[in-house]
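**Student:** the following block contains a protein sequence and its predicted model.
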2 protein chains.
Amino acid sequence: MTPKLARFLDSGMVSTPAILVDLDRVAANFAALRAALPDAAIYYAVKANPAAPVLDRLVGLGSRFDAASIEEIRACLAAGAAPAAISFGNTVKKRAAIAEAHARGVDLFAFDSDEELDKLAAAAPGAKVYCRLAVSQDGADWPLSRKFGTSGTHARDLLVRAAERGLIPWGVSFHVGSQQTGVGAWRTAIGQAAAVFTDLRARGIDLRLLNLGGGFPTRYRDDIPPLGDFGAAIMDAVRQAFGNNVPDLLIEPGRAIVGDAGVAVSEVVLACTRHEDEGRRWVYLDLGRFGGLAETEGEAIRYRITAPGVAGADAPAVLAGPSCDGVDVMYRETPCPLPASLAAGDRVLIHDTGAYVTSYASQGFNGFLPPEEHYL
Amino acid sequence: MTPKLARFLDSGMVSTPAILVDLDRVAANFAALRAALPDAAIYYAVKANPAAPVLDRLVGLGSRFDAASIEEIRACLAAGAAPAAISFGNTVKKRAAIAEAHARGVDLFAFDSDEELDKLAAAAPGAKVYCRLAVSQDGADWPLSRKFGTSGTHARDLLVRAAERGLIPWGVSFHVGSQQTGVGAWRTAIGQAAAVFTDLRARGIDLRLLNLGGGFPTRYRDDIPPLGDFGAAIMDAVRQAFGNNVPDLLIEPGRAIVGDAGVAVSEVVLACTRHEDEGRRWVYLDLGRFGGLAETEGEAIRYRITAPGVAGADAPAVLAGPSCDGVDVMYRETPCPLPASLAAGDRVLIHDTGAYVTSYASQGFNGFLPPEEHYL
C-alpha cells in the first residue's frame, strides 16, 4: 500500500468493502514500463481497471488503449483518447460494435478467424487488422486457454485474405498469458510471429506491427523479475528474430500498470473454528469472489493479506466471502496466515488489487453491492 | 420457455443479452411446492432472484422469505413482506446488519458458531435463533462445501448457550446442497436434526422449528423426480424421526421457484473453427460466465441451449462468453449441440435461467453490462 492510500485510510472515511487506487502509482508504473521497453507503444488493457480516473490519468501520460468492447472504447474516447490511439483488441466482436468503433475513428482491429474477417471487411472497410496467434502460455498464473488465437499457417492465409477483402494486413499479435512470470515466455512466440512476417513478405505483403500482448506481472506474494529483465529479454528476442527489420512494437499491459496501485479494505464478518472441517479456522470477509476477487478461482491469484491494526501472532485460516454460496471461498489450500485474535469488525487489507477486481464484481449477489472505489 | 415469454420474444422488443421471467410460472411453482409439502412454510431464497417483481408476486401469494443480507431484507420489506415473515438465513452476518434487521422487526436468525451467537445476543436480544448443522451434500450439483454448519454435538451446546444469553433457541436447520436431485438426501439430515431435538428436550429446551433448507431442483437437461416425491420422502423421514411430535417445518426453495420461469436470450458474436484446439467449433455468445452464467463454473450446472430460428442439423460446439478472459468458457467437456449453420447475429436461448443468473452478473467486466431483465 502506498503512503497516500495509507493516509486516506487513516482518515476514517472509508467504509468497507472498498478498493483504493493510487493514481500516482499508476503513473509510475506507466513510466517504468516505458523505460523497460522504450521501443514499444503502450496500449493499456482497459479491462484491468476501466475507471474514468485511471483512463484520464493515462490519457494525460500519452498512453494508448487496448479495448475489449465498444463500451470500453466509448470510455476511452470520453476520457479524451484519440481514436487513433485505440486498438479494438478482442478477436470476438459484434458487427455493430465494429461499425461504431470504425465510425468513431478507431482503425486498428484484432481478429483470428475467417468469420471475424468477414465482419471486419463489411463493417470497417479499409481498417488495419492484425491476426492473433495461439502461443504457449506456460508460466502464466491466469492462462487464457484455447479461446483465442490461430496457427501460423492459418494466420498467413487470413492476412492474405484480409488484403483481398480491402483491409490492411497490419501485423500479428499473441498473448503469453496473464500474470506471466517467465522472462523468456515471449521468445518462442516472437519467433513464430517473425516467421509469419517473412512468409507474407514473400507473398508481397509487408506487415508493420508486432503486438506483444500483455501478461506483464505484478507482485503478489512472490517476488517477480524486474521489468527491465522482461524488456531486455523481449528486445533480445525481437532483434534475433527480425534482425534490422524491427517492426512497430506494441504492448498491452493491464495488471502491471494498475495491480499494485490498488488495495482492498475489507471487514471481518466472522472468524470461527469449523469443527466439521477438521477444526480449521475460517475467516469470512465482506469482500469475496463475487465482490470482485474472481481471480481467486482455483486459488490462481494469491493476494497478500494483512491485518495491520490487529496484534498478536498469526495462525492459519481458510478465507471466504460473505455470501451463502459454497464456492465463495478464496483460499483453502493456499496458506493464509492472519492474526489468531482476528475477530468480527476487524479490518484486513488485500494488497495489489488494483487490477481485475472492480470490474468482476457482481451487481449484487446475495444483495451485496460492489465495493466502493476511491481513486486518489 | 413458457408461451408468454415466447410471445414477448416474438414481439422483437428484446435486445440481447436479456433474461425473461414469467411471473405466472413463479406462482405456479410456488403452488406446486405448497402442494408437495403442505406442512412446510415456504421461505423463498431471495438470493436466487431478488428482482422486485418476483418478490412482489410472492408477497401476494403469502410466501415468506429467506434473506442472505440486510440488503435482501430491505428488498423484502419494500415489497410488502411482514418482518415476521423473514428469516435472516445467512449464518455469517455483520453485527450492524443483525441490529438493523432486528430493529425492523425481523425475529428469526440462523447461526452456527459461538462468535455469531455473541453478535446475535448483543444485537438482537430475545430473538429466535436456529442452528445450522453440517450434513452430507451428496447428490447436489452445486454443493455448499464446508463453509457452513456445525456438528450435532456443537449445535446442542450452542443452543443451550443461546438460552443462557437471552435468545430463544428455536430450532435446527441444514442444507443438502443446491440442485439436489436425490429424493432421499434429506432423510439422514432429518435424523441428525431429530437427535438434537431429543437431547435438548432432556436439557429442558423445547425446540420448535425444523428448517429443511433449500436444494429442491429445477429441470435443466436431465429429468428430475417430481416434486411430490421429494415431499413424500421428506414427510416420511420427518414422521419416522419425530413420531407424533412433528415440529414446525420450513423450506427455503429458490431455484425450484424461479429457475424454469426464466430464459436467457443471447446473440452469437462469433462461430468459428479453432485449428489450434483440435479443429473444434467454438461459439461465442454475448452472455458468458461473467454476465451471469456463473454456475457453469466447473460446468456444474448444464443449461439446455437451443437456437429455434436456425435451420439444419446440430454439431458439437465449445461454448464461450464474450470477454477476453480465458476462463470465460461455459462448456468445453459438456456436449453442447447447436446448429452447424449457426453464425454471428443468430440468437440462442439458454433455458431455465430464472435462478442464480441475474444477481451473479458482473457490473461491467470487459465493459459488458449485465443482461437486461424483463418480468412478465
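**Tutor:** Received the coordinates, thanks.
**Student:** can you tell me which residues contact the closest residue to A:Asp328 other than its chain neighbours?
**Tutor:** Nearest non-adjacent residue to A:Asp328, counting by C-beta to C-beta, 6 or more residues apart in numbering or on different chains: A:Gly321, 3.9 Å away. C-betas here are computed from N, CA, C, even on glycine. Residues in contact with A:Gly321 (C-beta atoms under 8 Å, 6 or more residues apart in numbering or on different chains) are A:Tyr284, A:Leu285, A:Leu287, A:Gly288, A:Arg289, A:Phe290, A:Gly291, A:Leu293, A:Asp328, A:Val329, A:Met330.
**Student:** cutoff 7 Å now
**Tutor:** A:Gly321 is in contact with A:Leu285, A:Leu287, A:Gly288, A:Arg289, A:Phe290, A:Gly291, A:Asp328, A:Met330, counting by C-beta atoms under 7 Å, 6 or more residues apart in numbering or on different chains.
**Student:** cool, A:Ala344 as well?
**Tutor:** Going by C-beta under 7 Å, 6+ apart, the list of residues near A:Ala344 reads A:Val268, A:Val269, A:Leu270, A:Ala271, B:Arg95, B:Glu115, B:Lys119.
**Student:** can you tell me the SS state at it?
**Tutor:** coil (DSSP: H, G, I helix; E, B strand; the rest coil).
**Student:** swap in A:Val54?
**Tutor:** Assignment for A:Val54 (three-state DSSP): helix.
**Student:** give me the mean pLDDT for the longest strand anywhere in chain A.
**Tutor:** Longest strand of chain A, by residue count under DSSP state E: strand A:262-274. Mean pLDDT, strand A:262-274: 97.
**Student:** off-centre distance for it?
**Tutor:** 25 Å (C-alpha atoms, centre = their mean, to the nearest Å).
**Student:** do that strand and chain B meet at all?
**Tutor:** Yes. Against chain B, strand A:262-274 shows contacts by C-beta under 7 Å from any C-beta of the partner chain at A:Val269, A:Leu270, A:Ala271, A:Cys272, A:Arg274.
**Student:** highest neighbour count among those residues?
**Tutor:** A:Val269 (26 neighbours; other C-beta atoms under 10 Å in any protein chain shown).
**Student:** let me see the contact set for that residue.
**Tutor:** For A:Val269, counting by C-beta under 7 Å, 6+ apart, the contacting residues are A:Tyr284, A:Leu285, A:Asp286, A:Pro322, A:Ala344, B:Val92, B:Lys93, B:Lys94.
**Student:** for A:Leu61, same thing?
**Tutor:** A:Ala27, A:Phe30.
**Student:** quick one, phi psi at A:Gln363?
**Tutor:** phi -70, psi -10 (degrees, to the nearest 10).
**Student:** was I right to think it contacts B:Pro370?
**Tutor:** Yes. Using C-beta atoms under 7 Å, A:Gln363 is in contact with B:Pro370, at 5.2 Å.
**Student:** more neighbours: those two, which one.
**Tutor:** B:Pro370 (23 against 18).
**Student:** for the residue nearest to that one when sequence neighbours are not counted, phi and psi?
**Tutor:** Sequence neighbours aside, B:Ala361 is the residue nearest to B:Pro370 in space, at 3.7 Å (criterion: C-beta to C-beta, 6+ apart). When read as degrees, to the nearest 10, the backbone of B:Ala361 gives phi -60, psi 130.
**Student:** next: A:Arg281.
**Tutor:** According to degrees, to the nearest 10, A:Arg281 has phi -90, psi 130.
**Student:** quick one: neighbours of the nearest residue to it once chain neighbours are set aside, just the number.
**Tutor:** Nearest in space to A:Arg281, with sequence neighbours left out and distances taken as C-beta to C-beta, 6+ apart, is A:Ala317 at 4.9 Å. Using other C-beta under 10 Å as the criterion, A:Ala317 is surrounded by 22 other residues.
**Student:** can you name the residues of the stretch 251-376 of chain A sitting close to chain B?
**Tutor:** Within the stretch 251-376 of chain A, the residues that sit near chain B (C-beta under 7 Å from any C-beta) are A:269-272, A:274-277, A:284, A:286, A:290, A:297, A:320, A:322-324, A:326-327, A:329, A:344-345, A:359-370.
**Student:** same question for the stretch 1-150 of chain A.
**Tutor:** So far as C-beta under 7 Å from any C-beta goes, the stretch 1-150 of chain A lies against chain B at A:47, A:50, A:68-69, A:71-72, A:90, A:92-95, A:113-116, A:119, A:134, A:143-147, A:149-150.
**Student:** hmm, who's touching the helix or strand of chain A with the lowest mean pLDDT?
**Tutor:** For chain A, counting by mean pLDDT, DSSP states H and E, strand A:140-142 ranks last in confidence among helices and strands (a mean of 76). Strand A:140-142 is contacted by residues A:Val176, A:Gly177, A:Ser178, A:Gln179, A:Gln180, A:Gly215, A:Glu295, A:Ala300, A:Ile301 when judged by C-beta under 7 Å, 6+ apart.
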